[in-house]
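J.: Provided below are the primary sequence and the corresponding predicted coordinates.
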Amino acid sequence: MLGEDEGINKHCTTLTKWNPMFINDVYSIVFNNSTIQSIGFWFGHPICWIQIVGYVVSLDVYEEKCICIVDDCSGQSLRTVFSLQERRSEAQKAKGLYPGTIVRIGGKIQRSRSFQLVAYKLELLEDPNAEWKEWLQRIHYRKNLQRTQSSLKYVNNKYGVPCKSINSSKHAKVLLSHLRRLCKANPEAGFTIEEVLGFLKIHYLELPSIPIIDVESQRMEMLHGIDEEAIRLSLLSLVQHGRVVYKKPHNVYRLLYSKDVIRFVMPMMPSGRLEAHRVLDLLRQGNAMFQTVPIYAVAKHIRKFLRCARSTWDEIEKYVWELQNHNYVFSTKLV
């Protein structure tokens with residue numbers, strides 16, 4: 001199977017997970033006037049999600065947000081902001097904080113007006129030994145990043161941002177609509193990146209630019225949407241989400257349609273039980289290109305199909321459905 005983007009998940013693991021940091025280290029993150037304000041570099045590693053631990057110094061509650069100042073005795077304090085509109089549950093929890101409370105807060109750095117942490121997650125640490133254990137974790141994590149700093153400097157040192165990025169997901173969404181147009185005449189036809197580029201240029205189609213991480217210069221750059229690397233990154237995102245399938249030896253892609261999945265679902269329906277894993281096995285056995293299809297994509301097509309069926313199916317457990325009444329007549333019309 002085609003795995004996740006090795007550039008991001010193998011070499012830039014700091015970009016897609018929580019990074020435990022001392023507050024004084026947070027202020028050492030390098031941004032270099034990057035296009036994307038929330039992604040910086042720490043010891044040469046691209047970094048986005050930050051986790052701090054410390055005690056509450058002060059708390060101010062406003063109509064739309066809570067502002068909490070946190071200190072971890074590292075020489076600096078950090079302003080953290082909890083939005084009552086975007087993350088109400090965490091903000092409500094923050095309202096109950098008081099000076100001296102030990103907290104673990106995760107979020108993204110925001111530098112628009114002042115240097116602050118936009119909080120996404122809040123945890124209270126009640127164990128008296130928790131704080132020094134968190135310090136040890138941060139010391140080890142820092143040393144590990146220093147040790148692996150040189151491993152990022154490869155000849156090909158530019159990586160696309162994760163699929164969750166707003167910019168890259170927008171590029172993939174627009175690309176998918178163009179791919180449907182490309183394959184309209186022959187839905188089952190495969191295509192290569194070169195063929196996609198040719199189609200886009202012939203029809204004067206546009207794609208939004210996407211951000212690229214340049215590890216060597218520690219900067220975020222914008223890559224033109226009609227670019228081979230940009231197309232590759234978005235196709236990879238579409239493969240991961242089960243919208244496109246991929247055959248590696250020939251670098252051929254193909255759109256995945258609901259009918260590709262449902263043709264294996266319909267023969268199972270008279271039994272009164274459907275299992276997405278069984279459907280996926282049959283799908284992969286029927287066509288080598290479907291080796292890249294994730295189980296949740298198969299389940300999504302099954303759910304959509306069952307919602308249109310005349311009979312009622314219950315998802316009794318994850319990716320498993322059973323018919324409520326076996327004698328009930330159901331529709332087998334493809335959607």
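T.: Yep, that arrived.

J.: Let me see the domain layout of this protein.
T.: 6-152, 158-255, 258-323 (automatic domain parsing).

J.: Kindly reformat the ones you listed as a markdown table containing mean neighbour count and mean pLDDT.
T.: Just so you know, the C-beta spots here come from the backbone N, C-alpha and C atoms, and that holds for glycine as well. Output for the domains of the chain, formatted as a markdown table (neighbours: other CB atoms under 10 Å; pLDDT from 0 to 100):
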| stretch | mean neighbour count | mean pLDDT |
| --- | --- | --- |
| domain 6-152 | 17 | 85 |
| domain 158-255 | 17 | 83 |
| domain 258-323 | 17 | 93 |
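
J.: Check which helices and strands the helix or strand where His171 lies is in contact with.
T.: Using DSSP states H and E, His171 sits within helix 166-182. Packing contacts for helix 166-182, counted by 3 or more CB pairs under 8 Å, 6 or more residues apart in numbering; DSSP states H and E, involve helix 193-202, strand 210-214, helix 228-240.

J.: so which of the ones you listed gets nearest Asp25?
T.: strand 210-214 (19.9 Å; CB to CB).

J.: Quickly run through the sheet partners of the closest one, with directions.
T.: strand 158-160 (antiparallel), strand 219-223 (antiparallel) (DSSP bridges).

J.: So Asp260 lies in a strand, does it not?
T.: No: Asp260 sits outside any strand when classified using DSSP: H, G, I helix; E, B strand; the rest coil, being helix.

J.: Distance of it relative to Met289?
T.: Per CB to CB, to the nearest Å, Asp260 is found 10 Å from Met289.

J.: ok, now Pro99?
T.: Taking CB to CB, one finds Pro99 at 60 Å from Met289.

J.: can you list the helices and strands packed on helix 166-182 in a markdown table and add distance to Asp127?
T.: Below are these laid out as a markdown table (distance: least, CB to CB, whole Å):
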| stretch | distance to Asp127 |
| --- | --- |
| helix 193-202 | 52 |
| strand 210-214 | 37 |
| helix 228-240 | 38 |
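
J.: Looking at these, spot the one closest to Phe22.
T.: The closest of the helices and strands packed on helix 166-182 to Phe22 is strand 210-214. By CB to CB, the value is 23.9 Å.
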